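# below are the sequence and a predicted model for it; my questions follow.
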Number of protein chains: 2
Amino acid sequence: MDFDDRIPIYYQIKQYICQEIIVGHFKPEDKIPAVRQLALTLTVNVNTIQRALAELVNDGILESKRGRGNFVTADLKRLNEMKHSIVEEQLALVYDRLTDLQITPEEMVRDLTDYIDKRKGEKQND
Amino acid sequence: MDFDDRIPIYYQIKQYICQEIIVGHFKPEDKIPAVRQLALTLTVNVNTIQRALAELVNDGILESKRGRGNFVTADLKRLNEMKHSIVEEQLALVYDRLTDLQITPEEMVRDLTDYIDKRKGEKQND
DNA sequence: TATAGTGTAATAGTAAACTAATACACTAAT
DNA sequence: ATTAGTGTATTAGTTTACTATTACACTATA
């Protein structure tokens, strides 16, 4: 995995795992890969994985069972909240940043639409 | 100034200075505050200011004149590129992240519009 | 020419994230 | 009971961002 070196790796791993849950690669109540396996896959140290997982356990996203593994929570409501808050966090980031640059909400929507069109245009050339 | 502790301070200072230029607080060819003054205002060390400024000089946004101060470039084209790339960087971030979460471009625009409405609603209660 | 204001450089020390390595504790299955 | 697979904890060391401090170099001006 390629990390953004401006952001702590353990934080990006948290995001990665949430993402895998949201898109359904890790399902509710399912066991996720072992810490040593994740460390190999993501090419980071076990401690770094551990730190990310500990926070996700604390957030109620994962449950850890000693000797058995880490499991995605069965609490669907919690998972839904998680997805919603991640999306909202992203929107808040871009909204606040562009507001600071004196870009109006109307311009933001237009800029985003333009950007999407641009990306769609690029997709043709794949 | 309050910093996001997930991102290096010097990087956030770069963003802050670009922002002040874009919104017109620091104008082309104008002198920006002295490094020691910025350090006081932003409550960080001079070296941290220096690091941010050095990168902005390297980016062609500022010009440094020993014994006189740091000045915003007179190159309006460069400043325009800067603004454009910052906006695009923000849009790319949110686009990529939401795409990873299997949110379609159409949903993104709708989500952003909804979020804007929500923020406008909050504004009433200020 | 002396002085105040400026950018620049260098050194030392601190804190946090990360790595490396090892050991321990629990579970399940042979 | 042994063993393989798992989570957890600890210790030591590296790297990077940041701070603190001091010194130096240049500019403008009184």
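Thanks, I have it.
# mind checking the SS state of residue A:63?
The assignment at residue A:63 comes out as strand when based on DSSP: H, G, I helix; E, B strand; the rest coil.
# where does residue A:4 fall, phi/psi-wise?
Geometry field for residue A:4 lists phi and psi as phi -80, psi 110, criterion degrees, to the nearest 10.
# next one: it, what pLDDT does it get?
Confidence at residue A:4, expressed as pLDDT, is 94.
# how about residue A:122?
pLDDT, residue A:122: 86.
# how many neighbours does it have?
Summarising burial for residue A:122: neighbours were counted as other Cβ atoms under 10 Å in any protein chain shown, giving 9. For every residue, glycine as well, the C-beta is placed using N, CA and C.
# next one: residue A:114
Residue A:114 has 12 neighbouring residues, counting by other Cβ under 10 Å.
# who in chain A is up against DNA strand C?
Residues of chain A found near DNA strand C, taking Cβ under 7 Å from any atom of the strand as the criterion, are A:8-11, A:43-48, A:51, A:65-68.
# now, these that are in helices?
Using DSSP state H, the members of the residues of chain A next to DNA strand C that fall in helices are A:9, A:10, A:11, A:46, A:47, A:48, A:51.
# where along chain A do the helices fall?
Chain-ordered helices for chain A, with DSSP H as the definition, fall at A:9-22, A:35-41, A:46-58, A:76-100, A:105-124.
# nearest to residue B:90, of the ones you listed?
Nearest to residue B:90 among those is helix A:76-100 (5.0 Å), distances taken as Cβ to Cβ.
# so what touches that closest one?
Identification of contacts with helix A:76-100 by Cβ atoms under 8 Å, 6 or more residues apart in numbering or on different chains yields A:15, A:18, A:21-22, A:28, A:59-61, A:72-73, A:105, A:107-108, A:111, B:19, B:23, B:87, B:90-91, B:93-94, B:97-98, B:101, B:103, B:111-112, B:115-116, B:119.
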